[in-house]
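A.B. asks: the following comprises the amino acid sequence and a computationally predicted model.
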Amino acid sequence: MHSSSEVLKTAVAAAKETLQSLFDLDAQVAKAADLIEQCLRAGNKLLVCGNGGSAADASHFATEFVVRFMKDRPAYPAICLAGDGGLLTAAGNDYGFDEVFARQVAAFGLPGDVLICLTTSGKSKNVERALQEAKARNLKTIAFLGRDGGSTIGMADVDLLVQGDSTARIQEAHQLLLHVLCEISEARLSRNKQ
(Lines give C-alpha, C1' and ligand atoms only; values in the text may rest on other atoms or scores of the structure.)
Protein backbone atom coordinates (compact mmCIF):
# COMPACT_ATOMS: atom_id res chain seq x y z
CA MET A 1 0.00 0.00 0.00
CA HIS A 2 1.29 3.44 -0.92
CA SER A 3 1.59 6.10 1.74
CA SER A 4 -0.12 9.44 1.18
CA SER A 5 3.32 11.01 0.82
CA GLU A 6 4.26 8.59 -1.99
CA VAL A 7 0.97 9.23 -3.79
CA LEU A 8 1.48 13.00 -3.52
CA LYS A 9 5.08 12.83 -4.77
CA THR A 10 4.11 10.61 -7.70
CA ALA A 11 1.16 12.84 -8.63
CA VAL A 12 3.23 16.03 -8.48
CA ALA A 13 6.01 14.47 -10.58
CA ALA A 14 3.52 13.27 -13.19
CA ALA A 15 1.71 16.64 -13.21
CA LYS A 16 5.01 18.49 -13.65
CA GLU A 17 5.92 16.29 -16.62
CA THR A 18 2.48 16.75 -18.19
CA LEU A 19 2.47 20.51 -17.67
CA GLN A 20 5.96 20.89 -19.11
CA SER A 21 4.75 19.13 -22.27
CA LEU A 22 2.40 22.09 -22.83
CA PHE A 23 5.32 24.16 -24.14
CA ASP A 24 4.95 22.07 -27.31
CA LEU A 25 1.48 23.61 -27.79
CA ASP A 26 2.68 27.22 -27.99
CA ALA A 27 1.61 27.73 -31.62
CA GLN A 28 -1.78 26.09 -31.05
CA VAL A 29 -2.43 28.18 -27.92
CA ALA A 30 -1.63 31.33 -29.91
CA LYS A 31 -4.04 30.29 -32.66
CA ALA A 32 -6.78 29.46 -30.13
CA ALA A 33 -6.28 32.86 -28.46
CA ASP A 34 -6.56 34.55 -31.88
CA LEU A 35 -9.85 32.76 -32.61
CA ILE A 36 -11.30 33.74 -29.23
CA GLU A 37 -10.19 37.37 -29.59
CA GLN A 38 -11.56 37.69 -33.14
CA CYS A 39 -14.86 36.13 -32.07
CA LEU A 40 -15.42 38.38 -29.07
CA ARG A 41 -14.20 41.57 -30.79
CA ALA A 42 -16.74 40.94 -33.55
CA GLY A 43 -19.56 40.65 -31.01
CA ASN A 44 -19.92 36.90 -31.35
CA LYS A 45 -20.00 34.28 -28.57
CA LEU A 46 -18.23 31.24 -27.23
CA LEU A 47 -20.05 27.91 -26.88
CA VAL A 48 -18.27 25.48 -24.56
CA CYS A 49 -18.96 21.78 -23.91
CA GLY A 50 -17.63 18.59 -22.37
CA ASN A 51 -18.74 15.59 -20.32
CA GLY A 52 -18.24 14.90 -16.61
CA GLY A 53 -15.18 16.71 -15.28
CA SER A 54 -14.79 18.35 -18.67
CA ALA A 55 -18.36 19.69 -18.34
CA ALA A 56 -17.32 21.29 -15.05
CA ASP A 57 -14.25 22.75 -16.78
CA ALA A 58 -16.46 24.04 -19.62
CA SER A 59 -18.69 25.76 -17.06
CA HIS A 60 -15.68 27.24 -15.27
CA PHE A 61 -14.25 28.58 -18.56
CA ALA A 62 -17.55 30.17 -19.64
CA THR A 63 -17.92 31.76 -16.20
CA GLU A 64 -14.47 33.37 -16.44
CA PHE A 65 -15.60 35.19 -19.60
CA VAL A 66 -19.08 36.19 -18.47
CA VAL A 67 -17.97 37.38 -15.03
CA ARG A 68 -14.23 38.03 -14.93
CA PHE A 69 -10.89 36.29 -14.70
CA MET A 70 -8.35 38.59 -13.05
CA LYS A 71 -9.84 42.09 -13.19
CA ASP A 72 -13.05 44.01 -13.70
CA ARG A 73 -13.89 44.44 -17.37
CA PRO A 74 -16.90 44.12 -19.70
CA ALA A 75 -18.79 40.82 -19.70
CA TYR A 76 -18.12 38.58 -22.70
CA PRO A 77 -20.71 36.13 -24.05
CA ALA A 78 -19.90 32.50 -23.31
CA ILE A 79 -22.40 29.68 -22.88
CA CYS A 80 -21.70 26.30 -21.30
CA LEU A 81 -23.73 23.72 -23.24
CA ALA A 82 -23.57 21.26 -20.33
CA GLY A 83 -25.30 23.54 -17.85
CA ASP A 84 -29.04 23.08 -18.46
CA GLY A 85 -30.31 19.79 -17.05
CA GLY A 86 -33.76 20.09 -18.59
CA LEU A 87 -32.38 20.82 -22.05
CA LEU A 88 -29.78 18.04 -21.82
CA THR A 89 -32.28 15.43 -20.69
CA ALA A 90 -34.87 16.45 -23.28
CA ALA A 91 -32.31 16.29 -26.10
CA GLY A 92 -30.96 13.00 -24.75
CA ASN A 93 -34.44 11.52 -24.44
CA ASP A 94 -35.74 12.71 -27.81
CA TYR A 95 -32.59 12.51 -29.97
CA GLY A 96 -30.06 10.43 -28.02
CA PHE A 97 -27.09 11.40 -25.86
CA ASP A 98 -24.84 11.81 -28.92
CA GLU A 99 -26.96 14.83 -29.94
CA VAL A 100 -27.10 16.79 -26.66
CA PHE A 101 -24.45 19.33 -27.71
CA ALA A 102 -25.06 19.33 -31.47
CA ARG A 103 -28.69 20.26 -30.89
CA GLN A 104 -27.60 23.31 -28.91
CA VAL A 105 -25.00 24.28 -31.51
CA ALA A 106 -27.83 24.17 -34.06
CA ALA A 107 -29.97 26.38 -31.80
CA PHE A 108 -27.39 28.92 -30.62
CA GLY A 109 -24.44 28.76 -33.01
CA LEU A 110 -23.98 31.49 -35.59
CA PRO A 111 -21.18 32.05 -38.11
CA GLY A 112 -18.34 33.80 -36.30
CA ASP A 113 -19.01 32.05 -32.98
CA VAL A 114 -16.40 29.68 -31.56
CA LEU A 115 -17.21 26.20 -30.24
CA ILE A 116 -14.75 25.00 -27.60
CA CYS A 117 -14.93 21.28 -26.78
CA LEU A 118 -13.19 19.32 -24.05
CA THR A 119 -12.69 15.55 -24.14
CA THR A 120 -9.88 13.83 -22.25
CA SER A 121 -10.32 10.65 -24.30
CA GLY A 122 -10.98 12.23 -27.68
CA LYS A 123 -13.72 9.62 -28.13
CA SER A 124 -16.85 11.46 -26.97
CA LYS A 125 -19.47 11.00 -29.69
CA ASN A 126 -21.49 13.99 -28.50
CA VAL A 127 -18.39 16.19 -28.81
CA GLU A 128 -17.73 14.86 -32.32
CA ARG A 129 -21.32 15.64 -33.29
CA ALA A 130 -21.02 19.15 -31.85
CA LEU A 131 -17.89 19.74 -33.93
CA GLN A 132 -19.64 18.45 -37.07
CA GLU A 133 -22.63 20.72 -36.44
CA ALA A 134 -20.33 23.69 -35.81
CA LYS A 135 -18.51 23.11 -39.11
CA ALA A 136 -21.82 22.90 -40.98
CA ARG A 137 -22.81 26.28 -39.48
CA ASN A 138 -19.45 27.99 -40.13
CA LEU A 139 -18.34 28.27 -36.51
CA LYS A 140 -14.65 28.17 -35.65
CA THR A 141 -13.68 25.30 -33.36
CA ILE A 142 -11.13 24.54 -30.66
CA ALA A 143 -10.75 21.04 -29.20
CA PHE A 144 -9.05 20.24 -25.90
CA LEU A 145 -8.05 16.60 -26.28
CA GLY A 146 -6.18 13.94 -24.34
CA ARG A 147 -4.33 10.69 -24.88
CA ASP A 148 -3.78 10.33 -28.68
CA GLY A 149 -6.74 12.59 -29.56
CA GLY A 150 -8.99 9.65 -30.38
CA SER A 151 -11.48 9.94 -33.20
CA THR A 152 -11.82 13.69 -32.58
CA ILE A 153 -8.25 14.59 -33.57
CA GLY A 154 -8.17 16.81 -36.63
CA MET A 155 -11.87 17.75 -36.53
CA ALA A 156 -11.34 21.21 -35.01
CA ASP A 157 -9.61 24.28 -36.38
CA VAL A 158 -7.25 24.07 -33.40
CA ASP A 159 -6.37 20.92 -31.44
CA LEU A 160 -4.86 21.32 -27.98
CA LEU A 161 -3.74 17.75 -27.42
CA VAL A 162 -2.39 16.80 -23.99
CA GLN A 163 -0.75 13.44 -24.48
CA GLY A 164 -0.67 11.00 -21.61
CA ASP A 165 -2.70 8.19 -20.16
CA SER A 166 -3.92 9.70 -16.89
CA THR A 167 -7.30 11.41 -17.09
CA ALA A 168 -6.51 13.41 -13.94
CA ARG A 169 -3.23 14.79 -15.34
CA ILE A 170 -4.88 15.57 -18.71
CA GLN A 171 -7.70 17.45 -16.96
CA GLU A 172 -5.21 19.42 -14.87
CA ALA A 173 -3.37 20.41 -18.02
CA HIS A 174 -6.64 21.38 -19.72
CA GLN A 175 -7.47 23.57 -16.71
CA LEU A 176 -4.11 25.33 -16.97
CA LEU A 177 -4.57 25.88 -20.72
CA LEU A 178 -8.07 27.25 -20.12
CA HIS A 179 -6.71 29.72 -17.57
CA VAL A 180 -3.89 30.72 -19.94
CA LEU A 181 -6.47 31.45 -22.66
CA CYS A 182 -8.52 33.49 -20.16
CA GLU A 183 -5.46 35.51 -19.21
CA ILE A 184 -4.39 36.14 -22.81
CA SER A 185 -7.93 37.02 -23.90
CA GLU A 186 -8.63 39.35 -21.01
CA ALA A 187 -5.37 41.24 -21.57
CA ARG A 188 -5.90 41.54 -25.33
CA LEU A 189 -9.54 42.56 -25.14
CA SER A 190 -8.96 45.18 -22.43
CA ARG A 191 -6.40 47.06 -24.52
CA ASN A 192 -6.81 48.47 -28.00
CA LYS A 193 -10.59 48.18 -27.84
CA GLN A 194 -11.84 48.41 -31.39
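C.D. replies: The structure has been received and is ready for your questions. Note that this is a predicted model, so its numbers are computed, not measured.
A.B. asks: what about the strands in this structure?
C.D. replies: In the chain, the strands defined using DSSP state E lie at 46-50, 78-80, 114-119, 140-146, 158-162.
A.B. asks: ranges for the helices of this protein?
C.D. replies: Taking DSSP state H, the helices of the chain run over residues 4-20, 26-41, 53-66, 85-95, 102-108, 125-136, 167-190.
A.B. asks: circling back: turn the strands of the chain into TSV, including distance to His174 and mean neighbour count.
C.D. replies: C-beta here means a position set from N, CA and C on the backbone, and glycine is covered the same way. What follows is the strands of the chain, written out as TSV (distance: least, C-beta to C-beta, whole Å; neighbours: other C-beta atoms under 10 Å):
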stretch	distance to His174	mean neighbour count
strand 46-50	9	28
strand 78-80	15	22
strand 114-119	6	29
strand 140-146	5	27
strand 158-162	6	22
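A.B. asks: may I see those organised as JSON lines, with distance to Leu189 added?
C.D. replies: JSON lines is the format used below for these (distance: least, C-beta to C-beta, whole Å):
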{"stretch": "strand 46-50", "distance to Leu189": "12"}
{"stretch": "strand 78-80", "distance to Leu189": "12"}
{"stretch": "strand 114-119", "distance to Leu189": "14"}
{"stretch": "strand 140-146", "distance to Leu189": "16"}
{"stretch": "strand 158-162", "distance to Leu189": "18"}
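A.B. asks: quick one: closest of those to Ala27.
C.D. replies: Closest of the strands of the chain to Ala27 is strand 158-162, at 9.4 Å (criterion: C-beta to C-beta).
A.B. asks: partners of that closest one in the sheet?
C.D. replies: strand 140-146 (parallel) (DSSP bridges).
A.B. asks: one step back: so for Pro74, which of the helices of the chain sits nearest?
C.D. replies: helix 167-190 (8.0 Å).
A.B. asks: and the closest one with strand 140-146, angle?
C.D. replies: 150 degrees (axes from the mean of the first three to the mean of the last three C-alpha atoms, to 10 degrees).
A.B. asks: now the angle between helix 4-20 and helix 167-190, please.
C.D. replies: 50 degrees.
A.B. asks: surely Asn51 is in contact with Val127?
C.D. replies: Yes: between Asn51 and Val127 a contact is recorded at 7.4 Å, counting by C-beta atoms under 8 Å.
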